[in-house]
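Peer 1: Okay, sequence plus prediction incoming.
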Amino acid sequence: MNTSNAFDLLFTAGLTTFVVASLITAGMTLALVTGSLIGATYLVFK
């Protein structure tokens with residue numbers, strides 16, 4: 001019972017960390033793409 005509980009806790013922590021890391025990475029990628037688009041648009045229409 002105790003071992004199973006510890007495993008569940010570990011799995012949940014790992015999953016949460018993975019989700020948070022994915023969100024941060026996606027956010028950074030989105031910011032990078034948006035910044036590139038804005039920069040390119042600015043250069044084209046300057």
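Peer 2: Yes, it's here. Numbers count the residues shown, from 1 in each chain.
Peer 1: mind checking how far Asp8 is from Thr17?
Peer 2: Distance, Asp8 to Thr17, using C-beta to C-beta, to the nearest Å: 15 Å. (Glycine included, C-beta is placed from N, CA and C.)
Peer 1: can you check Phe45 too?
Peer 2: Distance, Phe45 to Thr17, by C-beta to C-beta: 42 Å.
Peer 1: Of the two, which one has the most company?
Peer 2: Using other C-beta atoms under 10 Å as the criterion, Phe45 and Thr17 rank with Thr17 on top: 10 against 6.
Peer 1: Read off the pLDDT value for the more buried one.
Peer 2: pLDDT recorded at Thr17 is 96.
Peer 1: That one sits in which helix or strand?
Peer 2: Counting by DSSP states H and E, the element that carries Thr17 is helix 2-44.
Peer 1: starting at the chain centroid, how far to that helix?
Peer 2: Computed by C-alpha atoms, centre = their mean, to the nearest Å, the chain-centroid distance of helix 2-44 equals 1 Å.
Peer 1: Okay then, goodbye and thanks.
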